[in-house]
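Chemist: Could you look at this predicted model? Sequence included:
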Amino acid sequence: MYTQGLDSLGKDCLRDEAQDIGRLEQRFQARIDAEEKIEPKGWMPEAYRRTLIRQISQHAHSEIVGMLPEGNWITRAPSLLRKSILIAKVQDEGGHGAYLYSAAETLGVSRDELIGQLLEGKAKYSSIFNYPTPTWADIGAIGWLVDGAAIMNQIPLCRCSYGPYARAMVRICKEESFHQRQGYEIMLRLSRGTPPQKEMAQQALNRWWWPSLMMFGPSDAESKHSAQSMRWKIKRFSNDELRQKFVDFTVPQAEFLGLAVPDPALSWDEAAQHYRFGAIDWSEFEQVLKGHGPCNRERLEARRRAHDEGRWVRDAAVAHASKQAAKEKSRAA
Amino acid sequence: MTDSSRDWPLYEIFIRARAGLDHKHVGSLHATDAMMAIEHARDLYTRRQEGVSIWAVRSSDIVASDPADADALFEPARDKVYRHPTFYDIPEEVKTL
Amino acid sequence: MTPHCRYVLRLADTSLILAQRLGEWIGHAPAIEEDLGLANVSLDLLGQARMLLSYAAELEGRGRSEDDLAYLREESEFLNATLVEQPNGDFGQTIVRQFLIDAWQLELYEWLQESKDPRLAEIAAKAVKETRYHLRYSAGWLVRLGDGTEVSHARVQDALERLWPFTGELFAADAVDHEVAQAGIGPAPESLLPGWSARIGAVLSGSRLAVPPTTPFGWHGKRGQHSEHLGHVLAEMQSLHRAHPGAIW
């Protein structure tokens, strides 16, 4: 489960803001303020609907694209137990994508339309999945760091104001609890293993540390859409708050592994009771987001290929169903 | 790129978690026929032994009340407080009532 | 290695290699729901393979583990049916392969539930439920694809003809089969043929597909004589494990 760009509200939404806020919007906001859930088909501001469609579908796309870097190791998992665990995990991601698409569909958009946007390159997904997984340790690092960061993002979403999204997130968070633990266990085995295994683990931490911190999105000062999402209770904590929490939790876990966090500026601030960390290279983030990451092209190509090569199968199932329906009709007549 | 005429129809899925409980709505999925809907529901919603029985209903077959009618439909029940047992004051000495 | 142990390895390797093949699909299936479906079948087969490999290792008595057997044997020591190592091809080919093997495994596990070997009977009792679902899944898709469109019909008919020659091996007895059949441990392979043919025939006729003619060439994967594909499957599957001898994962 992965979320990113949760605060990317879009320009159209801001335009709406400028329009008159009518009685309906006031009532809507009053319900949100009272922690009432918003349900499908009830009245909602168009901008709220569009924000949710964008956020939920980005989240769904991330799950589906996220199957690829880990799927890369299913056939080579180093033990049969690890293979089973990895298949179950990648399968869960597919399931989470499906839950999320179905939550988005309650807002009046079809899954095929959303998938179309992904394949045409018009939709975003978490840029973390544009990084490669060259070694088995990357599977450990993804579970530990990427899922760890995702869980931190997602737990507040279980209380999101939109009912179907919140319910999907409850299910997803429950299922995800094993993902981070299996990742950490892989890292633990590697870091307690042979010197090449330990080196493999260190290299993976080096690769995934900074991209994981970037998963929380731009810093609060840069994030212009956060305020509206907070007001709508789609978002409950700021990007920087969540990022800090993640660092505070994760650094001691890395120490336990005996691995070095690749940040020379990292230090414990006794007074603040927080870790201080170095500056994030946002130019890298922007580049990957714009499609210039190491694997952007490959990931989208893989999704397109699966979609195109599967079309005859999906069409056949539809054709069979309509033949069956016609048969039943003629039998009934 | 989307071939909307060929979209797989949407089904709503209800799962009975264990014998003795009601089927509860868990979400939706896409399938072209009833058997596929049950199989997909099994693979999607019961990977962790969440159920012992599945209902699948074409979403388009569900008849729902209109949220705009909510006041007319549900408000009138609000002042019928006498329907609830807590409405009645019974002295504490009176038992098993 | 005793015939008993070899027989258990045949069953184990057939499930293992098929699970491995299905694992290649995950993330690339025609619909998200099929990613999940294929993953579930793969996980069931992997579970069967692990139980059977552990049991084979016990029978062998050389202190090897399930992973030793999966990762450190050579190609000629793998005893899976040649059918399961065949490439995934398109979704139709994968479904045909699955359907042919599901129908066979169902006949097999139904028999093995009554095996005189209590361990095999126990494993079969669990596997038979899984296999019933696998067959339901693959037969459902075979009917949809066979009946669906002209394109899908042609594709699965082609897959059927491509894979049919590999089915003969499932029912051809050799010395190992004779031994286990005599001991009441496993069925005589040919005894599974009528039940299998009936299951296959019923589904194929419902999907306008024709049963291909039987061809004379016989494959012998179960004796360690494989097609060109298993070597590649193993090279991929075993690469990481073999690169770190003795490592714990």
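Modeler: Done, it's in. Here the structure is a predicted model, which is why all the values come from computation and not from measurement.
Chemist: Show me the strands in chain A, by range?
Modeler: Assigned by DSSP state E, chain A shows strands spanning A:267-269, A:274-276.
Chemist: how far away is whichever residue of chain A sits closest to chain B from residue B:60?
Modeler: Taking CB to the nearest CB, chain B has its nearest neighbour within chain A at residue A:116, 3.7 Å off. (C-beta placed from N, C-alpha, C; glycine too.) According to CB to CB, to the nearest Å, residue A:116 and residue B:60 sit 21 Å apart.
Chemist: in what helix or strand does residue B:24 lie?
Modeler: Assigned by DSSP states H and E, residue B:24 belongs to strand B:23-30.
Chemist: on contacts alone, who are the packing partners of that strand?
Modeler: helix A:80-105, helix A:163-191, strand B:10-16, helix B:34-45 (3 or more CB pairs under 8 Å, 6 or more residues apart in numbering or on different chains; DSSP states H and E).
Chemist: Please name every helix or strand in contact with the shortest one.
Modeler: In terms of contacts (3+ CB pairs under 8 Å, 6+ apart), strand B:10-16 is packed against strand B:23-30, helix B:34-45, strand B:53-58.
Chemist: CA-only coordinates of it, as PDB, when you get a sec.
Modeler: Provided in PDB are the C-alpha atoms of strand B:10-16 (Å, rounded to 0.1, in the frame of the first residue of the first chain):
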ATOM      1  CA  LEU B  10     -19.400  -4.400 -11.600                       C
ATOM      2  CA  TYR B  11     -20.600  -6.700  -8.800                       C
ATOM      3  CA  GLU B  12     -21.200  -5.900  -5.200                       C
ATOM      4  CA  ILE B  13     -19.800  -8.600  -2.800                       C
ATOM      5  CA  PHE B  14     -21.300  -9.600   0.500                       C
ATOM      6  CA  ILE B  15     -19.500 -12.000   2.800                       C
ATOM      7  CA  ARG B  16     -20.700 -14.100   5.700                       C
END
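Chemist: Could you check the angle that strand makes with strand B:23-30?
Modeler: Counting by axes from the mean of the first three to the mean of the last three CA atoms, to 10 degrees, strand B:10-16 lies at 150 degrees to strand B:23-30.
Chemist: contact partners of strand B:10-16?
Modeler: Contacts with strand B:10-16, where a contact means CB atoms under 8 Å, 6 or more residues apart in numbering or on different chains, come from A:102, A:105, B:22-31, B:37, B:40-41, B:44-46, B:50-60, B:62.
Chemist: what about 10 Å?
Modeler: A:102, A:105, A:110-111, B:21-34, B:36-38, B:40-42, B:44-46, B:50-62 (CB atoms under 10 Å, 6 or more residues apart in numbering or on different chains).
Chemist: Give me the sheet partners of it and which way each runs.
Modeler: Strand pairing for strand B:10-16, determined by DSSP bridges: strand B:23-30 (antiparallel), strand B:53-58 (antiparallel).
Chemist: Out of the helices and strands packed on strand B:23-30, indicate the one that is most buried.
Modeler: Across the helices and strands packed on strand B:23-30, averaging neighbours per residue (mean count of other CB atoms under 10 Å in any protein chain shown) puts helix A:80-105 on top, at a mean of 25.
Chemist: Could you give the average pLDDT over it?
Modeler: Averaged over helix A:80-105, pLDDT sits at 97.
Chemist: And that helix, how far out from the chain middle?
Modeler: From the chain centre to the centre of helix A:80-105 is a distance of 12 Å (CA atoms, centre = their mean, to the nearest Å).
Chemist: check contacts around residue 181.
Modeler: Answering for chain A, as no chain was given. By CB under 10 Å, 6+ apart, residue A:181 lies in contact with A:143-144, A:147-148.
Chemist: think we crossed wires, I meant chain C
Modeler: Here residue C:181 is in contact with C:7, C:173, C:187-191 (criterion: CB under 10 Å, 6+ apart).
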